[in-house]
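1. Everything below, folded, please.
(chains A, B and C)
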Amino acid sequence: MRIQKVFGFFPFPTWQMDVDAVLGQRDYKEDDFNLAEACEKENFIETKASLSYWQDAWRRLKKNKVAMVSLVIVILLLLFAFVGPLFFEHDYTTQVRGDENIDPSWQYPFGTDNLGRDLLVRTMFGTRISLIVGIAASLIVLVIGSTYGAISGYFGGRVDDVMMRLVELIYAIPDILVVLLLSTALKPALTDWFNTSDSALAGALSILGPSLIAIFIAFGLLYWVGMARIIRGQVLMLKEQEYVTAAKALGASSSRVIKRHLLPNCIGQIIVTTCLQIPAAIFLESFLSFLGVGVSAPLTSLGSMASDAIGGMYTYTYRLMNPAAILSVLILSLNLFGDGLRDALDPRLKK
Amino acid sequence: MDNNMRDKKLLEVKDLRVSFFTPVGEVKAVGGISYDLNYGEVMGIVGESGSGKSVEAYSIMGLLQSPGKVVGGSITFDGEDVLAKTAKEMQDFRGNSVSMIFQNPMTCLNPVYTIGNQLIEAVRCHKKVSKAEARAKAIEMLELVGINNPERRMSQYPHEFSGGMRQRVMIAMGLICDPKMLIADEPTTALDVTIQAQIIELMKDIQKKTQMAIVFITHNLGVVAEICDRVSVMYAGKIVEQGSVEDIFYRPQHPYTLGLLRSMPRVDAEEYERLIPIEGTPVDMLNPPAGCPFGPRCEHCMKICLRVEPPSINVAEGHTSACWLLVDEAKKKEATPNE
Amino acid sequence: MNKELIRVEDLRKYFSIKMGFMKYNYVQAVEDANFSIRKGETLGLVGESGCGKTTLGRTILRLHEPTSGKIFYDGEDITHVKMLPYRRKMQIIFQDPSASLDPRMTVGEIVGEAIDIHKLAGNKKERTERIQQLLTQVGLNSEHSNRYPHEFSGGQQQRIGIARALAVEPEFIVCDEPVSALDVSIQSQIVNMLEDMQKDMGLTYLFIAHDLSVVRHISNRIGVMYLGNMVELAESNELHKNPLHPYTKTLMSAVPVPDPAKSRARKRIILEGDIPSPMNPPSGCRFHTRCPYAIPRCKEEVPVWRELAPDHFAACHIL
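-> Okay, here's the model as predicted:
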């Protein structure tokens, strides 16, 4: 008897009163009490449909209205900067004689400057340069900072102590001063090199100009320390995780552990910090360009356009307002988006 | 307490349903459970993770947090409808009529207040007594739970206590207002075996002294055998079997209960016996099957088990089991071999 | 006669904790461990928190560097050698499956990492085949190799961890509480799988757990640890029938038994007090503060580890 086999020792009489009351009107199917097939059982076992880390983060990000609006604005500005100029036949250097100093009109929505250059195109181009400089500088920070921070955090002990003391030293250095010094010091040497050398590298770099190169060098020397600290913090936390121990137990080398296990798990922090680094870099570059130590002609950026417009500030106010407004909106949107991204990727908020 | 009280119902849970409304769907954490608890009785609620055992305890205490909500059924305590109480009435209810102790004593005690402070607060929340009286009561409780030097210990902080001692303090806090019922949510799971034995003995002693009813939630069948009078076995939000502790251990009438008993290694086993595991994986609570939740894992699963939820069938006095195998039709099938 | 696969001599592991600017204190996690594990057997290691069993298991694998003492693998002294070739022979399964799997890697990558590190597959095709074979061996669908760990249940995650350990074709596996974090109905599946693996592949296990029932079931011999010391070591049935050390007796009586009549009938030895801190262990025999049979000698002298019956070791003054 099946019942006895299942339930072992004592066959118990089942009192059917309750069952009949419940089941009285129920119709059973013909084969209801046959054993179920294995495939029928399989259909009921569903695998977990859970969200992946990125889906979960995207869902949280979507809920954040401020971050979404900022994202849209950033995308619009990117289109403005990179796609906009394609709609025009003339570029940012074209000087149209006879069209100097025109106020904003249908033909020239942002007006023209004293050399007859279309200010709208120049603004678009300036935004492009600001963005490129910002992103490039952030990438430099990303590469140097995350490597340094990961190594320092992973090895710990004496290595970590020394590396962090260096970081603290660098924090103490006044950055703007270094940029100014570098650009002043390098200018003669670089200008010489550009003029005399024939290499493609010199040609490419000469477009940037010595001041801009100085800015990049300064970023490479100084600005990675924030990222390094953050990544080191993450790595210190992550290296205690059991999957790191598991990798070591398999015989993984230190570089493998850092590359394959630690850094990928810091991606959230890396993205957010880089994203927040971009507006900071753009701000710095604009500030320096405004002072005259940033991009040099013929390149233009939002900061240098503002600088050019200072002279005619009261007569041609729009020449100052336009780039300044765009710059402010750009930096604000990037910061707000970065903040929203950080909240979305924060695993502690994960439900 | 006289034996008359023992037969009187203290807690009546009828068809309780609790759901969590998550962004990915409704999780029916508790899908209609019913049980009774008499005065002075110890009821064990056994289940694994996802069985809903903690959730139903939280709903008795009114501690369910969103997105969880009670969506059906009733809870009656000492004749009063618990679900109909206002927030203020629930505050009065908690700690006074029903107390709860939790699994992790480390996180349940406030680290910035002394133990004495927290105990006195627990008393004065519910009873209008002077500070001195509250303090005396607190010391009395610490002695009851077996903490030496209670006067000195009153002014110590939680981090100065070990895990076992903290759990004792939690028990003291739970009992300080003389509640009629204690809900213990996995109180010994986080403790070492020898400390667990101490706490179980303590709880047995106190229960004998105060004749308090206890709802003891755990996944450890050994502990259940030690302390409980009656047992409800839960799986995927439903009670699959309910009965006295002897019924459950010696005369299990549900494949899940039987499976649990057969798959547990025993320290008192005379010789090596291979474990008989329960195949499959725990049910996904987002998409529970239409019929019996244990169906896909049951070796005796019938077609009706996947289609319709089994009713709760009286197997003996006070012993019920929700399984289609116990229905007349199933036994008839057994009698006429048709293979 | 079974050969010894692992031998441990006077093994010590202390962790230093910074107490202040120049002050350090030591957590005496493992103290003078002396035992061996025979080929093909399962040695169970049981004890409560602070007993050092997990530290001991990891120190044998040199995941922690021993403070002093020696470790021998198959007769060779591996205390100070480069471990990479030995990592193929000695593996570990962890307690918390969700923590021991890298959440950013797919299952295939996790299992494949072992193959990559030791260059066990000649080309991509071989590698994929091997991964699929391992997944099937532990009872998973080979199609799952593109999924991420969080998409699996606890029991399945533990199987992935086991597949990873098997990928290097080890001889010895330290099972560090492999079923403690799993649901009760899943534990027996994993235990059976481990037993089958041992039979099929001739593996040797060091099975660490705090649950004496599981240890009793799977082990040939059991070692009982308290506060860094091993207090008793004997064959599984012998330990159960004839426990010698007071702590072992207490532990046995404290384990809850799922049988109401037996449970209420038996007399339990309930210890007073709590487990002392490993940073400040008691002098002499570390158990003397809680031992119901302690004599004055226990406080002053550390008991000697000796063989009190055939293949039954213990360290206690009153025996």
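
2. Pretty sure A:Val257 sits against A:Ala247.
-> Yes - counting by Cβ atoms under 8 Å, A:Val257 sits close enough to A:Ala247 to count as a contact (5.3 Å). C-beta here means a position set from N, CA and C on the backbone, and glycine is covered the same way.

3. More neighbours: which of these two?
-> A:Ala247 (25 against 21; other Cβ atoms under 10 Å in any protein chain shown).

4. Quick check: the more buried one touching A:Arg256?
-> Yes - counting by Cβ under 8 Å, A:Arg256 is a contact partner of A:Ala247 at 7.3 Å.

5. what about the chain, any weak spots by pLDDT?
-> No chain was given, so I picked chain A. For chain A, the stretches flagged by pLDDT under 70 are A:1-52, A:347-351.

6. oops, chain C please
-> C:1-2, C:20-23.

7. Look through it and state the residue closest to chain A.
-> Using Cβ to the nearest Cβ, the closest approach of chain C to chain A is made by C:Arg87 at 3.5 Å.

8. mind listing what the closest residue in space to that residue that isn't next to it in sequence touches?
-> Using Cβ to Cβ, 6 or more residues apart in numbering or on different chains and skipping residues adjacent in sequence, the residue nearest C:Arg87 is A:Gly251, 3.5 Å away. Applying Cβ atoms under 8 Å, 6 or more residues apart in numbering or on different chains to A:Gly251 gives the contacts C:Met83, C:Leu84, C:Arg87, C:Arg88, C:Ile117, C:His118.

9. If we use 10 Å, what do you get?
-> By Cβ atoms under 10 Å, 6 or more residues apart in numbering or on different chains, A:Gly251 lies in contact with C:82-88, C:91, C:113-114, C:117-118, C:168.

10. before we move on, what about A:Phe290?
-> A:Ser301, A:Leu302, A:Gly303, A:Ser304, A:Met305, A:Ala306, A:Ser307, A:Asp308, A:Ile310, A:Pro323, A:Ala324, A:Leu327 are the contacts of A:Phe290 under Cβ under 10 Å, 6+ apart.

11. The fifth one - how many residues pack around it?
-> What it means is A:Met305. 29.

12. Mind checking what secondary structure the residue lying closest to it once chain neighbours are set aside has?
-> The shortest distance from A:Met305 to any non-neighbouring residue, by Cβ to Cβ, 6+ apart, is to A:Pro323 (4.2 Å). Classification of A:Pro323 using DSSP: H, G, I helix; E, B strand; the rest coil returns helix.

13. rewinding a little: pull out the buried residues from the contacts of A:Phe290.
-> Buried by 16 or more other Cβ atoms under 10 Å in any protein chain shown: A:Ser301, A:Leu302, A:Gly303, A:Ser304, A:Met305, A:Ala306, A:Ser307, A:Asp308, A:Pro323, A:Ala324, A:Leu327, out of these.

14. which residues do A:Ala247 and A:Arg256 both contact?
-> C:Glu113, C:Ile117.

15. Most widely separated two among the contacts of A:Gly251?
-> Greatest spacing in those, by Cβ to Cβ: C:Lys82 and C:Glu113 (19.5 Å).

16. Please say which of the two ends up with more neighbours.
-> Taking neighbours as other Cβ under 10 Å, C:Lys82 and C:Glu113 compare with C:Glu113 leading, 22 against 10.

17. residue contacts, that one?
-> By Cβ under 10 Å, 6+ apart, the residues touching C:Glu113 are A:Ala246, A:Ala247, A:Leu250, A:Gly251, A:Ala252, A:Arg256, A:Arg260, A:His261, C:Asp102, C:Met105, C:Arg164, C:Ala167.

18. And it, how close does it get to A:Ala249?
-> Per Cβ to Cβ, to the nearest Å, C:Glu113 is found 11 Å from A:Ala249.

19. Report the set of residues contacting both of these two.
-> Shared contacts of C:Glu113 and A:Ala249, defined by Cβ under 10 Å, 6+ apart, comprise C:Arg164.

20. ok, how many other residues are close to A:Leu250?
-> When neighbours are counted by other Cβ under 10 Å, A:Leu250 comes out with 25.

21. who's in contact with it?
-> Going by Cβ under 10 Å, 6+ apart, the list of residues near A:Leu250 reads A:256-257, C:84, C:87-88, C:91-92, C:110, C:113-118, C:164-165, C:167-168.
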